[in-house]
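Trainee: Sequence first, predicted coordinates after that:
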Amino acid sequence: MTSLDEMFARQAHRTPSATAVVDDDGTLDYATLDRRVGHLAATLRAAGVRADQPVALVLDRSTHMVVGVLAVLRAGGAYVPIEPETPTARREAILADAAATVCVVSPALADEVRATGRTAVVPDTDHAGNAPLESTSPHPDQLCAIYYTSGSTGRPKGVACTHGGWANRMRWMQERHHLQPGETVLQKTTLTFDDAAVELLWPLLVGGRVAMLAPGAHRDPRAIIDAAVRHEAVHLQFVPSVFDLFLETLTDADVAGLTRLRSVLCSGEALRPELVRRFFARFPDGVSLDNTWGATEVSIDSTYHICRPEDGRADGTSVPIGQPMTGNRVTVRDPRHQPVRAGEVGELCIGGIGLARGYQGDPRRTAAAFVPDPDGFGARMYRTGDRGAQRPDGTLAFVDRVDHQVKIRGVRIELGEVEAALRSHPEVADAVVLALGTGTRHLAAYLVPRSAGGCSVDDVRAHLRAVLTSYAVPTHFTVLDRLPLHPNGKVDRAALAALPASGADEGALLAPRTVTEETVAEIWCAVLDVDRIGVDQDFFAAGGHSLLAVRVLSRLRQAFGLDIPLRLIFDHPTIATSAAELERLVLADLEGAAR
């Protein structure tokens with residue numbers, strides 16, 4: 001079986017002068033990209049990287065990131081993606097768990113990484129003198145990447161992905177979507193999400209072009225749409241919560257500008273019928289919508305459903321997850337791993353070429369999740385923890401989870417990891433975390449303080465931000481004297497969910513003082529679904545998160561008729577400071593028009 005690096009190298013040989021990658025700084029053709037990959041791979045080899053060795057990638061979205069991914073593969077290593085803004089404590093936990101001693105980083109992080117005793121390699125500065133390394137032929141079972149997901153015990157889980165599984169996934173993408181040489185896929189997903197690998201690798205293996213969205217712009221649907229129009233993208237991928245914002249932001253002019261768009265893929269969360277209905281209202285002909293389902297443990301996705309307009313009229317809460325992709329086998333099993341009858345609900349289990357090797361350095365977790373396949377003659381199957389059923393037409397439907405794992409904006413979160421982080425705070429005696437809401441869900445934390453004096457929600461939130469990813473930090477906190485219990489002593493989660501949500505301690509709410517503050521306050525209240533909010537309250541402390549910030553931004557743009565930057569709410573997170581900055585932007589716009 002041809003490896004990922006071999007597939008890229010062959011394509012670079014076939015079309016050396018074709019554009020491979022484009023970003024705000026320019027373009028790279030296949031020959032230049034291949035040469036840069038070879039140089040960096042040689043540097044990694046010189047640093048001791050060998051087969052299966054984890055190599056951390058701590059880079060923003062850029063051509064450097066593309067070179068880094070491909071160079072690690074060529075050197076024989078397995079890349080471990082880490083966002084540059086990841087809290088230091090979590091980054092160190094991942095590096096230690098993966099045993100990554102070599103890191104490909106930006107110049108800004110190089111000294112910090114070297115101070116830990118690890119080797120820091122900076123793309124395009126540390127390897128110019130090395131002869132480029134030629135393409136290699138790793139075994140299909142060799143590691144290509146290690147992706148870290150949330151762990152129920154508080155320890156992140158590193159999923160050890162293989163060349164064979166990922167190569168099969170990329171081949172399926174080409175079989176399904178037929179990307180032609182020179183056609184563009186927009187790379188918008190953060191590298192720490194495995195869907196990013198599809199956006200990045202698939203086009204480069206078949207002669208396509210990867211257009212890199214600017215760092216941070218993946219949160220802004222307006223930026224995504226503008227980039228898709230500008231680069232004439234033929235394929236886009238979304239988690240449903242971002243797909244919702246994409247459809248909400250899309251205008252008639254945008255639809256007219258997306259002349260080359262042929263396919264959209266949704267994954268990572270349950271796809272609601274309402275989103276399918278809105279999609280086909282915008283794109284009635286010529287653009288396909290696929291709903292895919294899977295997990296990092298099975299090479300990103302394992303099933304697909306080609307959506308039809310009638311899926312938008314479904315009575316259920318989610319769209320079918322469809323049928324297995326090529327090379328995968330999906331069955332519905334009971335607790336004894338025996339198949340259930342069609343229509344019965346059971347655990348969705350996956351076998352086939354897509355299975356990961358397991359969890360990095362964690363044989364117990366691996367043995368629990370990757371079990372012998374009763375029908376596979378020595379093969380394994382992965383217990384997904386998702387419950388589903390086979391529909392009368394033979395396709396599969398997702399029902400719910402068997403445990404306390406949830407998806408928040410497409411990111412897998414183990415509630416136990418968040419609860420463990422809360423209990424590690426010195427002022428917190430006990431804690432429970434729930435995922436609430438329909439559609440775009442959010443986390444709510446319920447705390448019991450160690451002392452009668454209570455605990456500071458702001459301090460607890462700051463503690464979580466230092467040890468968890470931003471997606472895992474609850475948006476609402478409620479402090480209780482004790483947790484409600486069932487007669488058997490277990491926590492009554494339904495009673496907790498029925499409590500009114502709260503954010504930070506509101507205190508005395510300061511009312512808006514200007515027309516601009518009133519406008520901003522109305523928009524915030526509508527988006528946060530609250531009656532009142534003080535002009536000095538922090539948006540994120542009051543229950544906001546990045547997707548809600550995007551929704552606020554969209555409404556502010558409409559209200560003020562300005563191209564307001566996404567950073568507005570992050571840099572000015574109160575009504576008072578946002579309003580002041582908006583007034584400055586309005587004045588600057590008027591002065592510019594008067595010149």
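Mentor: That came through, no problem.

Trainee: now the helices for the stretch 401-550 of the chain?
Mentor: Taking DSSP state H, counting those that start in this stretch, the helices of the stretch 401-550 of the chain run over residues 415-423, 457-467, 493-497, 515-528, 546-560.

Trainee: how close does the closest residue in space to Pro284 that isn't next to it in sequence get to Leu271?
Mentor: Of all residues not flanking Pro284 in the chain, Pro309 sits nearest, at 8.0 Å (CB to CB, 6 or more residues apart in numbering). C-beta coordinates here come from the backbone N, C-alpha and C atoms, glycine included. Note on Pro309: its distance to Leu271, by CB to CB, to the nearest Å, is 14 Å.

Trainee: Same drill for those two, tell me which one is more crowded.
Mentor: Between Pro309 and Leu271, Leu271 has the larger neighbour count (other CB atoms under 10 Å), namely 28 against 13.

Trainee: isn't the more buried one right next to Val239, touching?
Mentor: No. Look at Leu271 against Val239 with CB atoms under 8 Å: they stay out of range, at 9.5 Å.

Trainee: hang on, isn't Asp194 packed against Thr296?
Mentor: Yes. If you go by CB under 8 Å, Asp194 and Thr296 touch, sitting 4.9 Å apart.

Trainee: Now the common contact residues for these two.
Mentor: Applying CB atoms under 8 Å, 6 or more residues apart in numbering, one finds that Asp194 and Thr296 are jointly contacted by 147, 161.

Trainee: per-domain residue ranges of the protein.
Mentor: When the chain is parsed with automatic domain parsing, its domains come out as 1-16+29-169, 405-497, 515-594.

Trainee: among those domains, which is nearest Gly216?
Mentor: Counting by CB to CB, Gly216 lies closest to domain 515-594 out of the domains of the chain; the figure is 7.1 Å.

Trainee: distance between that closest one and the chain's centre?
Mentor: Chain-centre distance of domain 515-594: 25 Å, with CA atoms, centre = their mean, to the nearest Å.

Trainee: same check, this time on stretch 248-267
Mentor: How far stretch 248-267 lies from its chain's middle: 21 Å, per CA atoms, centre = their mean.

Trainee: in that stretch, what's buried?
Mentor: By 16 or more other CB atoms under 10 Å, the buried positions in stretch 248-267 come out as 249-250, 254, 257-258, 261-267.

Trainee: low pLDDT regions in the stretch 351-500 of the chain?
Mentor: For the stretch 351-500 of the chain, residues meeting the criterion pLDDT under 70 lie at 438-440, 488-489.

Trainee: Return the most buried member of the helices of the stretch 401-550 of the chain.
Mentor: The highest average neighbour count among the helices of the stretch 401-550 of the chain, using mean count of other CB atoms under 10 Å, belongs to helix 415-423 at a mean of 21.

Trainee: out of the helices of the stretch 401-550 of the chain, nearest to Ala51?
Mentor: Within the helices of the stretch 401-550 of the chain, the stretch nearest Ala51 is helix 415-423; the backing value is 30.8 Å (CB to CB).

Trainee: so how far is that closest one off the chain centroid?
Mentor: Per CA atoms, centre = their mean, the displacement of helix 415-423 from the mean C-alpha position of its chain is 20 Å.

Trainee: For it, which helices and strands make contact with it?
Mentor: On a contact count with 3 or more CB pairs under 8 Å, 6 or more residues apart in numbering; DSSP states H and E, helix 415-423 meets strand 428-436, strand 442-449, helix 457-467.

Trainee: at 10 Å what do you get?
Mentor: Packing partners of helix 415-423 (3 or more CB pairs under 10 Å, 6 or more residues apart in numbering; DSSP states H and E): strand 405-408, strand 428-436, strand 442-449, helix 457-467.

Trainee: Mind telling me which residue is nearest the centre of the chain?
Mentor: The chain has Phe193 as the residue nearest its centroid, 4.1 Å off, counting by CA atoms, centre = their mean.

Trainee: Hmm, Val411 and it touching each other?
Mentor: Yes. Counting by CB atoms under 10 Å, Phe193 touches Val411, with 7.2 Å between them.

Trainee: who touches both of those two?
Mentor: Common contacts of Phe193 and Val411 (CB atoms under 10 Å, 6 or more residues apart in numbering): 239, 268.

Trainee: Let me know the secondary structure of Gly388.
Mentor: strand (DSSP: H, G, I helix; E, B strand; the rest coil).

Trainee: Who are the contact partners of it?
Mentor: Gly388 makes contact with 293, 303, 320-321, 330, 332, 345-349, 396-400, according to CB under 10 Å, 6+ apart.

Trainee: Nearest residue to Gly394 in space, please, no chain neighbours.
Mentor: With sequence-adjacent residues excluded and distances taken as CB to CB, 6+ apart, Gly394 is closest to Gln323, at 7.4 Å.

Trainee: same thing with Asp531?
Mentor: Spatial nearest neighbour of Asp531, excluding adjacent residues (CB to CB, 6+ apart): Cys525 at 6.7 Å.

Trainee: which residues touch the one you found?
Mentor: Listed by CB under 10 Å, 6+ apart, the contact partners of Cys525 are 531-533, 542, 575.

Trainee: who wins for neighbours among those?
Mentor: Highest neighbour count within these: Ile575, with 30 neighbours (other CB under 10 Å).

Trainee: Any idea how many residues pack against the residue lying closest to it once chain neighbours are set aside?
Mentor: Nearest residue to Ile575, sequence neighbours excluded (CB to CB, 6+ apart): Val535, at 4.1 Å. For Val535, the neighbour count with other CB under 10 Å is 21.

Trainee: so Val535 makes contact with Ala576?
Mentor: Yes. Between Val535 and Ala576 a contact is recorded at 4.4 Å, counting by CB under 10 Å.

Trainee: which neighbours do these two share?
Mentor: Residues touching both Val535 and Ala576 by CB under 10 Å, 6+ apart: 510, 512-514, 517, 520-521.

Trainee: TSV for the residues you listed, including pLDDT and distance to Val479?
Mentor: Formatted as TSV, the shared contacts of Val535 and Ala576 follow (pLDDT from 0 to 100; distance: CB to CB, whole Å):
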residue	pLDDT	distance to Val479
Leu510	83	23
Pro512	89	28
Arg513	90	30
Thr514	92	33
Glu517	92	29
Val520	92	28
Ala521	92	26
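
Trainee: Kindly indicate which of those lies nearest His231.
Mentor: Closest approach between the shared contacts of Val535 and Ala576 and His231, by CB to CB: Val520, at 33.2 Å.

Trainee: List the contacts of that closest one.
Mentor: Taking CB under 10 Å, 6+ apart, we find Val520 in contact with 512, 514, 533, 535, 552, 555-556, 559-560, 569, 572, 574-579, 582.

Trainee: swap the cut-off to 7 Å and go again
Mentor: When contacts are counted by CB atoms under 7 Å, 6 or more residues apart in numbering, Val520 touches 575, 578-579.

Trainee: so where is this structure shaky, pLDDT-wise?
Mentor: By pLDDT under 70, the low-scoring segments of the chain are 1, 125-130, 151-154, 314-317, 438-440, 488-489, 501-508, 593-595.

Trainee: which one's the longest helix in it?
Mentor: helix 575-594 (DSSP state H).

Trainee: which parts of it are buried?
Mentor: Applying 16+ other CB under 10 Å to helix 575-594 flags 575-579, 581-582, 585 as buried.
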